Structures are given as structure tokens and as C-alpha cells.
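**Q** my questions are about this predicted structure, shown below with the sequence.
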Amino acid sequence: AKVFGMRQINVYVKGPGAGRESAIRALQAAGLEINHIKDVTPVPHNGTKPRKRRRV
């Protein structure tokens, strides 16, 4: 992003995990100013029917 002359960025993170935090820290360490951080993790609004439970 710095190659293209960008100084300020908006960060959109998707999914769980420790990689989210480290990715944001890496962007800050690279000298980019973060305007805002938004979580865009997809959340099902009911979703599909779960599989049948296994009977033993």
C-alpha cells in the first residue's frame, strides 16, 4: 500500500483467530495509519440443517 502512496487505510477482518491481531499490528508497524477496523465475519441467520447425530 505504501508503494502506491497510501498512508491511511481501513481494515476489514474476517474469521476468528490470532492472525487478525498480528495482521493489524504488522500494518501499523509498516507505518500505515489505520482509520477504523471492521469485523466482517459471516454469521449465519439460521443456516442449514445440521447433520443427524451419530447413534452408537
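**A** Cool, got the structure.
**Q** pLDDT at Pro44, what is it?
**A** In the prediction, the pLDDT value recorded for Pro44 is 86.
**Q** ok, the one 10 residues further on next?
**A** pLDDT for Arg54: 90.
**Q** and the lowest-mean-pLDDT helix or strand in the chain, what's buried?
**A** Using mean pLDDT, DSSP states H and E, helix 19-29 stands out as the lowest-scoring helix or strand of the chain, at a mean of 90. Buried residues in helix 19-29, counting neighbours by 16 or more other Cβ atoms under 10 Å, are found at 20, 27. Just so you know, the C-beta spots here come from the backbone N, C-alpha and C atoms, and that holds for glycine as well.
**Q** strand partners (parallel or antiparallel) of the strand or helix carrying Ile37?
**A** Ile37 belongs to strand 33-39 when elements are defined using DSSP states H and E. Strand pairing for strand 33-39, determined by DSSP bridges: strand 8-13 (parallel).
**Q** so for this protein, the centremost residue is which one?
**A** A centroid search over the chain (Cα atoms, centre = their mean) returns Val13, at 1.7 Å, as the residue closest to the centre.
**Q** pretty sure it contacts Lys38?
**A** Yes: the pair Val13 / Lys38 is scored as a contact, 7.4 Å apart, by Cβ atoms under 8 Å.
**Q** the closest residue to Ile37 other than its chain neighbours and Ala30, how far apart?
**A** If the residues on either side of it in the chain are set aside, Ile37 comes closest to Val11, at 4.7 Å by Cβ to Cβ, 6 or more residues apart in numbering. Applying Cβ to Cβ, to the nearest Å, one obtains 12 Å for the distance of Val11 from Ala30.
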